[in-house]
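In: would you be able to build a 3D model of this:
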Amino acid sequence: MIKPAWLNKRVKLSACHNLKNTLRRYRLHTVCEEALCPNISECFSCGVVTFIILGDICTRGCNFCGIKKGEPFKPDFDEPGRVKRAVKELGLSYVVITSPTRDDLFDCGAEIFCRTIKAIKSLNSKITIELLIPDFLGKAELIKRIAYCGAQVVSHNLETTPSLYLQIRKGASYQRSLGILKLLKGMNKQIFTKSGLMLGLGENDNEVIGVLRDLRKTECDFLTLGQYLPPSLTSYPLKEYVEPAKFTYFRKYALALGFKDVKSAPYVRSSYLAHTFINNQKHFT
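Out: As a prediction, this is how the structure comes out:
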């Protein structure tokens with residue numbers, strides 16, 4: 001397939017230089033780099049960073065993702081402090097924290113998430129924190145810890161439609177992921193929940209609409225829709241370049257369903273300009 005003109009986006013690595021130096025000095029990773037995000041220069045130049053904690057190796061075998069797979073290292077309990085120092089040095093007021101899936105850990109990494117949030121909040125309780133979490137194997141006690149950890153936004157991506165899960169998200173479950181979003185909102189009505197889908201994996205329009213309806217049944221607040229772009233030659237193959245008009249259609253449909261905010265465009269990713277979602281909520285305090 002020939003790449004369409006609307007996907008010709010230039011990455012300006014010069015805009016990332018100072019921030020990348022800070023991250024390397026504190027031995028920190030970002031999902032922006034590990035997942036080869038095309039928005040990296042745009043977000044970095046705005047001071048928007050998605051830290052990836054608990055290492056840069058995932059225990060799952062999802063073949064759409066650019067993050068390394070294999071046997072990860074043991075958790076680094078000094079990492080929350082390094083994230084705190086980087087947040088302070090960079091002067092961040094909105095921080096996104098994510099991690100690879102850590103099925104190897106008894107708590108799937110929930111403790112490090114909580115410690116990282118506590119460390120950041122000790123700088124300034126007004127710093128807004130968004131989490132992009134793995135599924136924690138659907139364990140309710142771990143989801144409860146996340147629901148009350150102090151984050152204002154908790155995101156968990158469905159990624160694709162149910163019919164593609166066996167091909168795209170090995171080890172994951174569509175119903176389990178939906179259940180996590182439902183649990184989060186049921187446990188703590190004060191947090192905003194968020195999810196995201198990639199388009200162009202072989203799904204059809206009716207399947208996408210079905211997922212949007214399922215998400216609203218969980219009272220999910222925010223939604224991202226973006227074009228799937230294989231991060232490597234061995235990744236799951238691209239099936240379709242989705243035209244911008246279709247992204248616009250899905251955005252309007254999702255807003256009509258009751259989502260509070262939706263970003264839907266070819267280069268949208270789950271943490272793309274994440275701070276703008278919550279800033280658009282006039283009732284947020």
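In: poorly predicted segments of the chain, please.
Out: 9-17, 31-47, 282-285 (pLDDT under 70).
In: which residue ranges of it form helices?
Out: Using DSSP state H, the helices found in the chain span residues 17-25, 31-34, 40-45, 79-90, 110-123, 140-147, 165-168, 174-187, 205-217, 244-257, 275-279.
In: right, so those helices: which one is the most enclosed?
Out: Comparing these by mean neighbour count (mean count of other CB atoms under 10 Å), helix 31-34 ranks first with a mean of 23. Backbone N, C-alpha and C define where each C-beta goes, glycine included.
In: wait, isn't residue 93 in contact with residue 127?
Out: Yes - the pair residue 93 / residue 127 is scored as a contact, 5.9 Å apart, by CB atoms under 8 Å.
In: in the chain, spot the strand with the most residues.
Out: Looking across the chain with DSSP state E, the single longest strand is strand 192-199.
In: which strands and helices sit next to it?
Out: Here strand 192-199 touches strand 153-155, helix 174-187, helix 205-217, strand 222-227, helix 244-257, helix 275-279, going by 3 or more CB pairs under 8 Å, 6 or more residues apart in numbering; DSSP states H and E.
In: sorry, back to before: between residue 93 and residue 127, point out the one with more neighbours.
Out: Shown here are residue 93 and residue 127; by other CB atoms under 10 Å, residue 127 has more neighbours (18 against 12).
In: shouldn't that one be in contact with residue 117?
Out: No - Residue 127 sits out of contact with residue 117 when judged by CB under 8 Å, with a separation of 9.6 Å.
In: span of stretch 181-195 from start to end?
Out: 8 Å (CA to CA, to the nearest Å).
In: redo the helices of the chain as CSV? Include distance to residue 133.
Out: Shown next, in CSV, are these (distance: least, CB to CB, whole Å):
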stretch, distance to residue 133
helix 17-25, 21
helix 31-34, 12
helix 40-45, 20
helix 79-90, 16
helix 110-123, 7
helix 140-147, 6
helix 165-168, 18
helix 174-187, 8
helix 205-217, 16
helix 244-257, 21
helix 275-279, 16
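In: closest one to residue 60 among these?
Out: Among the helices of the chain, helix 165-168 comes nearest to residue 60, with 11.1 Å by CB to CB.
In: list the contacts of the residue nearest to residue 183 when sequence neighbours are not counted.
Out: Once flanking residues are discounted, residue 183 sits nearest to residue 143: 4.8 Å by CB to CB, 6 or more residues apart in numbering. Contacts for residue 143 (CB atoms under 8 Å, 6 or more residues apart in numbering) come out as 136, 180, 183-184, 187.
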